[in-house]
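Undergrad: sequence plus predicted model, see below.
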Amino acid sequence: MFRVPLYVALALAIAFGAGISTTLYALNASSGFGVIRLGAWEAFPRAQTADADPYAKSHRARAGKLLLGSAEGLKFTAGQDDSGQPLRSTCRYRITGQTPPARLWTLYVTDRAGTALTGRDGLPAGLNSWIVGRQPDSSFEISVATEAQAGNWLPLPEADRMVTLTLTLFDTPTAGSSGLIDLSMPQLQRIGCGHA
């Protein structure tokens, strides 16, 4: 007598549970389509526009992050170095080169979920184009490591974890440009891990 309603309730529970879990998986697994990769750096230039795909819109809405307009800037992230190895806080990295033209750029460390990792007591949480030391040709070299380094240094957290570097270009012609693949991004090289 209660067999049919029990089967219907069980089928609905499985359908809703599977539907919700696959939707959450899709939102967490992808930031959307239209990624552009330049060396270790990747960006989603259409994610901020009205032309963004539904996955990108849902991902941003779920994260609750304020997006830059297409003329305001462009965010690049790097979760791996130029050789394809994932970034770890126990390793040391060197960022060299130049950024595309921008009025201002910022560089900071995040966890894999995109949450900014604040610097330890008294250490900078990030760098920007106004404070970074440059070579005469306007190029720069930034050391990314747990231990203090000479010159431009971006500290990593002391705990062993996977990290992502976020480079945001503000007021840049790059954001509205269709020639993003012709851009030159800074190189991101692993120097060593641990005490080696």
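TA: Happy to help now that I have it.
Undergrad: which stretch of helix or strand covers the most centrally placed residue in the chain?
TA: With distances taken as CA atoms, centre = their mean, Thr77 lies nearest the centre of the chain, 3.0 Å away. Taking DSSP states H and E as the definition, one finds Thr77 inside strand 73-78.
Undergrad: tell me what that strand is packed against?
TA: On a contact count with 3 or more CB pairs under 8 Å, 6 or more residues apart in numbering; DSSP states H and E, strand 73-78 meets strand 41-43, strand 164-170. Just so you know, the C-beta spots here come from the backbone N, C-alpha and C atoms, and that holds for glycine as well.
Undergrad: roughly how far apart are Thr106 and Ile131?
TA: 10 Å (CB to CB, to the nearest Å).
Undergrad: related to what we said a few turns ago, pLDDT score assigned to the residue nearest to the centre of the chain?
TA: Looking at Thr77, its pLDDT is 89.
Undergrad: that one contacts Thr164, correct?
TA: Yes. If you go by CB atoms under 8 Å, Thr77 and Thr164 touch, sitting 5.4 Å apart.
Undergrad: where do the contact lists of the two overlap?
TA: Overlap of the contact sets of Thr77 and Thr164 (by CB atoms under 8 Å, 6 or more residues apart in numbering) consists of 110, 114.
Undergrad: let me see the ranges of the strands in this structure.
TA: Listed in chain order, the strands of the chain (DSSP state E) span 36-38, 41-43, 73-78, 91-97, 104-110, 126-128, 140-145, 152-155, 164-170, 187-193.
Undergrad: would CSV of the helices and strands packed on strand 73-78 with distance to Gly126 and mean pLDDT be doable?
TA: Below are the helices and strands packed on strand 73-78 laid out as CSV (distance: least, CB to CB, whole Å; pLDDT from 0 to 100):
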stretch, distance to Gly126, mean pLDDT
strand 41-43, 16, 85
strand 164-170, 9, 90
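Undergrad: these: which one's closest to Arg3?
TA: Set against Arg3 and scored by CB to CB, the helices and strands packed on strand 73-78 come closest in strand 164-170, at 51.7 Å.
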